[in-house]
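Peer 1: I'll drop the sequence and a predicted model, then ask my questions.
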Amino acid sequence: MAETRPFDVQNYLTTPEDRAAYFEAILEEGDSTLIAAGLGEIAKAIGVSEFSRQTGISREAIYKGFVPGGNPTLDTITKATKALGLRLTVTPAA
C-alpha cells in the first residue's frame, strides 16, 4: 500500500505559467479570502524572501496579508501581480 502525503499546492507552482493559471482560477472564484491566500501560496512557492524582494512588499506584510482571512490592499495585490508578470483584468460575468 502506497503512503499518501498531504496535498501542497506549492509543489505545483513551479513555473510562471503554473502560477498564472492558479491565480486565474482563484480570481474566477471571486472570493477575496481565496485571492489573498492564493497569493500567499505563490509567495511561498517562490520563496517569501524572493517574493518580498521582487514586489517591494515586506515579509511581514506578506505573512499577514496573504493568508486566509488576510485583507491585502489593492495596492499590495497590484504590486504582487505585477511582480509575478501578471495583470488583473475584468470581463463580463457570464
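Peer 2: Thanks, I have it. No experiment lies behind these values; they were computed from the predicted model shown.
Peer 1: From Val9, how far out is the spatially most central residue of the chain?
Peer 2: What sits nearest the mean C-alpha location of the chain, by C-alpha atoms, centre = their mean, is Leu39, with 1.6 Å. According to C-beta to C-beta, to the nearest Å, Leu39 stands 12 Å off from Val9. Glycine gets a C-beta too; all of them are placed from N, C-alpha and C.
Peer 1: In terms of pLDDT, where does the spatially closest residue to Gly85 that is not a sequence neighbour sit?
Peer 2: Excluding the flanking residues, the one nearest Gly85 by C-beta to C-beta, 6 or more residues apart in numbering is Pro16, at 5.8 Å. If you check Pro16, the pLDDT there is 88.
Peer 1: My guess is Pro16 contacts Ala83. True?
Peer 2: No: Pro16 is not in contact with Ala83 according to C-beta atoms under 8 Å; the separation is 11.0 Å.
Peer 1: Look at these two and report which has more neighbours.
Peer 2: Neighbours of Pro16 and Ala83, each counted by other C-beta atoms under 10 Å, are more numerous for Ala83; the result is 18 against 12.
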